[in-house]
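J.: sharing a model that was predicted from the sequence below.
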Amino acid sequence: MSDENVMEVEATATEAAPEITAKFTRDELVRGWPEREPRSPKCVPIVKFGAKTDLGRVRENNEDKFDFYEVSDPTLLAHRGSFYAVADGMGGHAGGQFASELALKNVIFNYYSSETDDVAKAVLEAFTFANDQIYGLAQANPERNGMGTTLSALFVKEDRVYVGQIGDSRAYLIRDGEIRQVTFDHSWVAEQVRAGILTEEEAETSPYRNIITRSMGTGALIEPDVFVEEAHPGDIWVICSDGLTGHVNADEIRLVALTQLPCETARQLIELASARGGRDNITVFCIHIVDVWQNPDAANGSGAHVATPEAVEAAPADERNVLKRIFGKS
């Protein structure tokens, strides 16, 4: 969603009382932003993305969710950037749906209202805050006991991409035609593979492959991972739930993402996973860093275009107004 849109409010009813997932509007979120000295970002990645979630062919409800938050305020863009994420909930009686919704909204709220200038620290704080909300509600309501969610999130700030991770959803980076899984699965079989006890082939057929060793909301304390990558023009990020990776391998993801637009990438990958059985909910979020524009008042970065007035006027129409607003070009 853009920062001009009101964030969706959803309620899940129980026999005891209605539960509100994360009720806040854009204006409420803005009021939570700490006062900062105005400044422009040193560079801005131009992002195109597409996302889709699907029930699959077996499940009766969809516990997967995706969300995004893109800001246009230059100061907030400089300090926090934009957010894109996939969550895969778990827990009976619609608990998984509730947990994934809570995770996404609370991470957004806490990340953008954090006062720290350390982005990795802000990501960890946001994950912890969301975990506290989900775990607290689960303890207060027996019907929600044991609910939790995975979360794979990208925080795209200036020339860096911060990846927050807990669970077995994944974030892949495609660069120069090659694909790399940036995140580590927090699952029993993945840990056995990393320890050299199981092979990749054995892990794929293991009856324990769905056992998650870390998740959000299932315990009072969590241990998320944070990874940092440079943002390069042409980078393609794919974040997805295990409903995709249980049926589609990394090279197949790479081939589709390199030949299709982000929206079509999400659609085709979901169709492929569904055609192969669709045993779980399937969610795909494809983020393409089309370009990186450098602030002319900052040092030029490798591969970046400098946002001079002439260059801004020559930029594609859908980028021109964004660059003018952020860099103050008239």
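T.: Received, thanks.

J.: in the helix or strand hosting residue 229, what's buried?
T.: Assigned by DSSP states H and E, residue 229 belongs to strand 225-230. When neighbours are counted by 16 or more other CB atoms under 10 Å, the buried residues of strand 225-230 are found to be 225, 226, 227, 229. The C-beta positions use only the backbone N, C-alpha and C, and glycine is treated the same way.

J.: any idea how far the very next helix or strand once past that strand is from the chain center?
T.: As assigned by DSSP H and E, the chain's next helix or strand after strand 225-230 is strand 236-240. Centroid separation for strand 236-240 versus its chain: 9 Å, with CA atoms, centre = their mean, to the nearest Å.

J.: swap in stretch 77-89?
T.: 5 Å.

J.: state which helix of this structure is the longest.
T.: helix 119-140 (DSSP state H).

J.: and the next helix or strand after it with helix 119-140, angle?
T.: Next in sequence after helix 119-140, counting helices and strands by DSSP H and E, comes strand 148-157. Computed by axes from the mean of the first three to the mean of the last three CA atoms, to 10 degrees, the angle separating strand 148-157 from helix 119-140 equals 160 degrees.

J.: how about the CA coordinates for strand 148-157, as CSV?
T.: The C-alpha trace of strand 148-157 is given here as CSV (Å, rounded to 0.1, in the frame of the first residue of the first chain):
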residue,chain,number,x,y,z
GLY,A,148,2.3,-18.1,15.1
THR,A,149,3.7,-17.1,11.8
THR,A,150,6.8,-17.0,9.6
LEU,A,151,7.9,-13.6,8.3
SER,A,152,10.3,-12.8,5.5
ALA,A,153,10.6,-9.0,5.0
LEU,A,154,12.6,-6.6,2.8
PHE,A,155,13.5,-3.1,4.1
VAL,A,156,14.8,-1.3,1.0
LYS,A,157,16.6,1.8,2.3
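
J.: okay, the angle between that strand and strand 225-230?
T.: Going by the same axes, to 10 degrees, strand 148-157 makes 30 degrees with strand 225-230.

J.: helices or strands next to strand 148-157 in the packing?
T.: strand 82-90, helix 95-113, helix 119-140, strand 160-166, strand 170-175, strand 236-240, strand 282-294 (3 or more CB pairs under 8 Å, 6 or more residues apart in numbering; DSSP states H and E).

J.: apply 7 Å and report the result again.
T.: Judged by 3 or more CB pairs under 7 Å, 6 or more residues apart in numbering; DSSP states H and E, the packing partners of strand 148-157 are strand 82-90, helix 95-113, helix 119-140, strand 160-166, strand 170-175, strand 236-240.
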